[in-house]
Structure formats: C-alpha cells, structure tokens
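Novice: sequence-free structure coming up:
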C-alpha cells in the first residue's frame, strides 16, 4: 500500500530524489565508485557543492552580496553561531519568542551576550505570532523563526527593522515566495523542504560579517567557511548531494512560486476540513496558521482510538503531534502530494 | 573494470555496506518509506542510534564509565569542543604537534585558553613522531593525534600521562588493537574506517566532564549530548546508519584484531615494495610509518607521467598525495582488500 508520509522532519522528499540518491550510493556519475567513497576534493563532488550553493542563490533570486554555505550541526549550532558572528562585544540583539525553537535560539544566544525578547506568545501557549513591536538600530540584529513546526503557526510578514534581519527558516524554507533580499542571514536545517538530515543551509549577506570584535573559533566563523567555499573540513557529502537533487527537482517543477501554489492548495484542503468538521480544531488563531505544519486535535478525545486506527489503515504515517503538545500534526512539505492530503481529509470526513 | 580506491577519506567502505545503504534509501526496514524521510524519533531510527552507540563500546571493550556520541561538524568541531569541555578557566592543556591536523587542533584550542605544545616534529616536516616528553598533572588534559593522514606517520604507543588522555583517532580508529580504556576522550570523523562523511564519533569517560567552570553552549556540551542520548537535535540519520552497517561488518568479520592483521599484511606488502624498489621512498622515518596512510614519492620525478598513467590504467583511484605534500598516498583503510594493494605493487614493480 502506498504510504502517505506527513512526518515533521526528517520528512518526505521527491521519489525521484530517493531513486537518484540510491543510485549514487552504488555508482556516482558512472565513476564505478560510490558517492560515499570519493574525496570531497574530487572534481565530481566539488561540482556538486558548487551547484548546490548556486541553485540556492538562483531560487532565492539573490545577488553577489550573498554567500551560501552548507554546514553541519543543524539549526541548533546556528543558535550559537549567529550571536558569535553578529553580536558585538557589549552589544545586544532582539529576539521574538514564537515557539520551542525560537526559545532554544534565545537560550543559547543568552550564553553569548545580552538578548532582549521583544515579543513573545509563550504565555498563550504559542497560539499566535506577535506582531506589535519595532526594532531599532540599538540592536546588532533581530532574530525570528519563520514557522513554528510544533504549534503550527507561521509568520506571514516580516517586520521592517533598522538592523540585520536574521531568520531561522528550517521548517518553511523554499515553500513560499519571499523577498529574500530583505534578510541578512537565513539558516535552515535541510531535513524538511531541502534534503535529508545532516546538512544545514546558511545564506548570509557578506557585509554584515566581521564587526563583532570577537575571536571566533574557526568552525563557528562564517567568514572562514566562505573563504573555504564551504569546505573548511569534510562536508556532509551525501546530505549535500541529496539537497542538490531536491532543489533541482524544485527548480524543474516551477520553482518556489509553483511550490507555493501547491502548498496553498494542500493547506486549504486540510484547514477547510478542520473548519467544517466539528470533531477537529487547531491550536492557534486562524490568521497565523502555518501552510507547512498543520497542528490539530480532536475535540472529543474518546474518538482517539478510532481516528488513529482509521488513518493508520489508510497508509498514513508521521501524523502524531509533537511530544510537547500532543494531538496531530500534518506536515505539508513541498514534496508531499495533494493526494496524500485528500486521503487524510477523507479519513477525517468519515470519522 | 574493478576500481581500486585508495582515497584518504571519504574512503572505501565494504561493498555490502553500499548495497544495504542504497536499499535503505529506497525502503528502510520494509516500512515502505526511505530512511531519509522517517523521524529520527521513530523507533526504527532510535534502534539504529542505540545499536551504533553500543557496538562502538563492544568493539572497544569499554565499560559503563564511557559514553558514545554521534555528533556533526567533524574533527574540526572537536578541536573546539575538547577545550570547551575539558580546559578549566585559567587552566592549561598539553598538545603534541605531529602534523597538519594536530596543528589545527592546537590553533583552535589556543582561542579558548592556555596551550603548551610539549613536542613537535614540525621543523622536520613532520617526518617522525616525537616521543621524548612527559605530561604532569599541572595540565587539564593531554591531546594527541594518533595517525598523520598526510605525512604517513602513526603513534605506535601512547604516553602514560598524569591527566586526561585525549586522542584524535580520525584516520586510524578501529584499525588496530589498543587498550581503549587508557583514553579519556577519543574522537574521530567517521569518513575513514567507520562510515561516510557527516558523522563524528566521540567516546568520552564521563568522570572527566563538568569540571571546567565554563558556561558551555548546548551544542558544544558533551554532557548535554549524553543526557539527550546523542539526540539533542536531529542527528545525521543516514551517516549514523551507514556507520552502524560498517561497524557491523567489522564485528562480523572478526572485529578489530582480525582487521589489524589484514591491515598489517596490506602495509607490509606496500612498504616492502617501497623499500625494495629504488624508484620509491617514503616521507618519514621507518619506525613511525603509518599502517593506514602510506605516503610515498618517486625518487625520479621524470617518471611521474609514466607512473601516473600506469596506476590509472590499472583501475587505481585516489592515489594522489595531499596538496600540502605532493607525491602519492595509498590509504589502506579496513575495507580496502589486499588485492588492491597487490595491483598497486605490481604497477610499482613494472615501472
């Protein structure tokens, strides 16, 4: 039976990406060698890294002022690298607390320097995105998290700020049309819309670097990674290759604008059913609903066993909510076909 | 034609590991899902992580006092994490400088605190392993690099030290029988003897942690990774799985002691030819020759084109020396069959 994979991450990738990745593990580029056993300095892999970095800039429509890096350590390491690279000694930065991951970013940044939490929905269980704040030039940067994977909220607009705009886009990168040139630093764990676990994308406007006065350890220093063309040390070869394949699939299928239309259609189908069906509800205010992660719950907990059996019987996987919140979560990443959402809404209708 | 892959890393892995890895990319454990699209919190992947951590302890014959972590960022991030976790505020650590990577570890540690380089062969172009030093308890730890991948030297014995013994074993881990319980912290990038690029092994004796007085950022804190069972954040799922397969292959084929015998036979075959053949020479003193990375050169540079054509025609790849040193480098990692070394020595003999 065909599986319908709603996993929040690592998550579904295009089927053709799995096929090509498996082939590369057996024989890469017809070399007679596995992708896993060739030098990262070989011309075949250098071409992969170069094209992976280039396609990100093409998809985001960014110019020469930006650099693209493929690093390791996930968004969690970026929580630390961002203040190391952008927070001046005795400077301060502004953060919004819009969920578990935003909160994690704040916790780590506070170990490095002074952080002001300028807006938070924590007291309301992260059920909305705060919008009423302004950020002045007294801050070295402003950090936000574009999408809340757990509570199912998403920033629909980004504030105009008088400092560097930094965004953790781990869970909705490449899912919608944005003016990426508005951002000074974007980071994302690859394992949602752009590849498997094990690679982290960093897109940075070069001019914001080198201003902190800090002595930054090499692996944490964006400038050193830029100088080394994202090969300071052995990169996560396989993860970068699968990310390239995923982004090539995206580009070939109409790019971000087409993906956005597909994502809007999937989200509409599911939210319409949640709104129509009195047995279901979301955890957040309608205006901030995420197009990527639809977190929802049963209004009658007695139906849990029946619903769980029904979706599992329909071939659905990865629908359980995050352990911090409970309920359900349907992640509608780029590679998820609308047919899978239809299967889910059919199950919900028949409950 | 069969390839003979002498790449220094990423490097050859067992053929059955490539087969099983490719299958898992298409369908993992018969789930109907790719290994790349399942949650790292799923029971199928948690079982992979648990077994990968357990097999390391079995192979090293280590007891409950040790913890095994699979992290990201390579040895380069460990250069930083080691002092962050072990160097007390106002303390000092001792390092030996035995090559490019040892030198890199020293450079990063100096950004964190006081480092004494107690022995170095740098002035002699890293052509030997210094042995004449002692390490007292005034040091918080002693750091060494067991094998020099570039210059082809290897520590045959390890000093008795009155402090924590820390070793970067990236390029010869699991290649020879050692008393691993003599070490307090071992780290290794996976991409030589134990898997693909993208995972970093850390083996740490728990009792050495928590003594620095530092406020350590979470991703850099071994204790936090231990508390989270190596799942602080999304681990490099595929790389950990391939590492598990590689170590299962090692265990099934007689473990480290059998691998050591195979590695000694391969190294003897190649060094005997280098010693016999006046057209070749190594870069280092005979007593410190590495069993893993045989770095060598032509004694007559005019033969370069002829030799290069001959080994390439024989299906050999990855034989070029490191860009810092030139010449040739035959890496004889666990998965390299002795038949490949025979093909190389046949080419050398016929030159």
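Specialist: That came through, no problem. Computed from a predicted model, the values in this text were never measured in an experiment.
Novice: And the helices in chain A?
Specialist: Assigned by DSSP state H, chain A shows helices spanning A:15-26, A:43-60, A:74-86, A:100-110, A:222-227, A:237-252, A:255-276, A:304-313, A:338-349.
Novice: and the gap between residue A:230 and chain B?
Specialist: Residue A:230 sits 13 Å away from chain B, taking CB to the nearest CB, to the nearest Å as the criterion. For every residue, glycine as well, the C-beta is placed using N, CA and C.
Novice: quick one, what contacts that residue?
Specialist: The contact partners of residue A:230, by CB atoms under 8 Å, 6 or more residues apart in numbering or on different chains, come to A:49, A:53, A:68-71.
Novice: Kindly indicate which of the residues you listed lies nearest chain B.
Specialist: Comparing those against chain B with CB to the nearest CB picks out residue A:71 as the nearest, at 8.0 Å.
Novice: what's near enough to touch that closest one?
Specialist: Here residue A:71 is in contact with A:77, A:199-202, A:225, A:230 (criterion: CB under 8 Å, 6+ apart).
Novice: Mind picking the one among those that's closest to chain B?
Specialist: Proximity of the contacts of residue A:71 to chain B was ranked by CB to the nearest CB; the top entry is residue A:77 with 4.7 Å.
Novice: distance of the closest one from residue A:141?
Specialist: Residue A:77 is 17 Å from residue A:141, where distance means CB to CB, to the nearest Å.
Novice: before we move on, the earlier item: most neighbours per residue, which of the helices of chain A?
Specialist: Sort the helices of chain A by mean neighbour count, taking mean count of other CB atoms under 10 Å in any protein chain shown, and helix A:74-86 sits at the top with a mean of 25.
Novice: Report all helices and strands that that one contacts.
Specialist: For helix A:74-86, the elements it packs on are helix A:100-110, strand A:141-145, strand A:164-168, strand A:185-189, strand A:200-205, helix A:222-227, judged by 3 or more CB pairs under 8 Å, 6 or more residues apart in numbering or on different chains; DSSP states H and E.
Novice: That one vs strand A:185-189, what angle?
Specialist: Direction vectors for helix A:74-86 and strand A:185-189, defined by axes from the mean of the first three to the mean of the last three CA atoms, to 10 degrees, enclose an angle of 160 degrees.
Novice: residues from the stretch 201-350 of chain A in reach of chain B?
Specialist: A:215-220, A:232-239, A:242, A:317-318, A:323 (CB under 8 Å from any CB of the partner chain).
Novice: could you redo the last one with a cut-off of 10 Å?
Specialist: For the stretch 201-350 of chain A, the residues in contact with chain B (CB under 10 Å from any CB of the partner chain) are A:214-220, A:232-240, A:242, A:246, A:315, A:317-318, A:320, A:322-323, A:333, A:335.
Novice: Rebuild the helices of chain A as JSON lines, extending it with mean pLDDT.
Specialist: Listed next are those as JSON lines, based on pLDDT from 0 to 100:
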{"stretch": "helix A:15-26", "mean pLDDT": "98"}
{"stretch": "helix A:43-60", "mean pLDDT": "98"}
{"stretch": "helix A:74-86", "mean pLDDT": "98"}
{"stretch": "helix A:100-110", "mean pLDDT": "97"}
{"stretch": "helix A:222-227", "mean pLDDT": "98"}
{"stretch": "helix A:237-252", "mean pLDDT": "98"}
{"stretch": "helix A:255-276", "mean pLDDT": "98"}
{"stretch": "helix A:304-313", "mean pLDDT": "98"}
{"stretch": "helix A:338-349", "mean pLDDT": "98"}
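Novice: For those helices, give me CSV that also has distance to residue A:282.
Specialist: Rendered in CSV, the data for the helices of chain A read as follows (distance: least, CB to CB, whole Å):
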stretch, distance to residue A:282
helix A:15-26, 30
helix A:43-60, 30
helix A:74-86, 24
helix A:100-110, 17
helix A:222-227, 37
helix A:237-252, 27
helix A:255-276, 6
helix A:304-313, 16
helix A:338-349, 13
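Novice: quick one: which of these is nearest residue B:14?
Specialist: Closest of the helices of chain A to residue B:14 is helix A:15-26, at 12.8 Å (criterion: CB to CB).
Novice: How about that closest one and chain B, any contact?
Specialist: Yes - legend: contact between helix A:15-26 and chain B by CB under 10 Å from any CB is shown at A:15, A:17-26.
Novice: and the angle from that helix to helix B:237-252?
Specialist: Using the same axes, to 10 degrees, helix A:15-26 lies at 30 degrees relative to helix B:237-252.
Novice: Helix A:15-26 packs against which elements?
Specialist: Using 3 or more CB pairs under 10 Å, 6 or more residues apart in numbering or on different chains; DSSP states H and E, the elements in contact with helix A:15-26 are helix A:237-252, helix B:15-26, helix B:237-252.
Novice: So what's the gap between it and the chain middle?
Specialist: Relative to its chain's centre, helix A:15-26 lies at 22 Å (CA atoms, centre = their mean, to the nearest Å).
Novice: Check stretch A:282-292 too.
Specialist: 17 Å.
Novice: again with stretch A:31-51
Specialist: 26 Å.
Novice: Quote the end-to-end distance of that stretch.
Specialist: With CA to CA, to the nearest Å as the measure, the ends of stretch A:31-51 fall 19 Å from one another.
Novice: ok, and does that stretch reach over to chain B?
Specialist: Yes - for a cut-off given as CB under 10 Å from any CB, stretch A:31-51 has contacts with chain B, namely A:31-42, A:45.
Novice: Most neighbours of all those residues, which one?
Specialist: Highest neighbour count within those, by other CB atoms under 10 Å in any protein chain shown: residue A:36, with 29 neighbours.
Novice: Not counting its neighbours along the chain, what's nearest that residue?
Specialist: Taking CB to CB, 6 or more residues apart in numbering or on different chains as the measure, residue A:36 lies nearest to residue B:196, with 4.2 Å between them; neighbours along the chain are not counted.
Novice: surely the one you found meets residue A:45?
Specialist: No - between residue B:196 and residue A:45 no contact is recorded; they are 12.0 Å apart, counting by CB atoms under 10 Å.
Novice: which residues do the two both contact?
Specialist: A:35, A:237, B:10 (CB atoms under 10 Å, 6 or more residues apart in numbering or on different chains).
Novice: Torsion angles phi and psi at the closest residue to the last one other than its chain neighbours?
Specialist: The shortest distance from residue B:10 to any non-neighbouring residue, by CB to CB, 6+ apart, is to residue B:191 (4.3 Å). With angles defined as degrees, to the nearest 10, residue B:191 sits at phi -80, psi 20.
Novice: Tell me, what's the model's pLDDT at residue A:195?
Specialist: As predicted, residue A:195 sits at a pLDDT of 97.
Novice: cool, residue A:1 as well?
Specialist: Confidence at residue A:1, expressed as pLDDT, is 75.
Novice: number of nearby residues for it?
Specialist: Using other CB under 10 Å, residue A:1 has 7 other residues around it.
Novice: That one and residue A:316: what is the separation?
Specialist: Plainly put, residue A:1 is 10 Å away from residue A:316 if you go by CB to CB.
Novice: again, but for residue A:288
Specialist: Applying CB to CB to residue A:288 and residue A:316 gives a distance of 25 Å.
Novice: do residue A:193 as well
Specialist: Spatial separation of residue A:193 from residue A:316 under the definition CB to CB is 20 Å.
Novice: what do you get for residue A:208?
Specialist: Look at residue A:208 and residue A:316: by CB to CB, they are 43 Å apart.
Novice: same check, this time on residue A:212
Specialist: Summarising the geometry, the distance separating residue A:212 from residue A:316, computed by CB to CB, is 47 Å.
Novice: State the pLDDT value of the closest residue to residue A:8 other than its chain neighbours.
Specialist: Closest residue to residue A:8 in three dimensions, ignoring its sequence neighbours and counting by CB to CB, 6+ apart: residue A:331, at 4.6 Å. Looking at residue A:331, its pLDDT stands at 98.
Novice: Does residue A:331 touch residue A:317 like I think?
Specialist: No - shown here, residue A:331 and residue A:317 do not form a contact pair, counting by CB under 10 Å, at 11.2 Å.
Novice: With neighbour numbers in mind, choose between those two.
Specialist: Taking neighbours as other CB under 10 Å, residue A:331 and residue A:317 compare with residue A:331 leading, 24 against 20.
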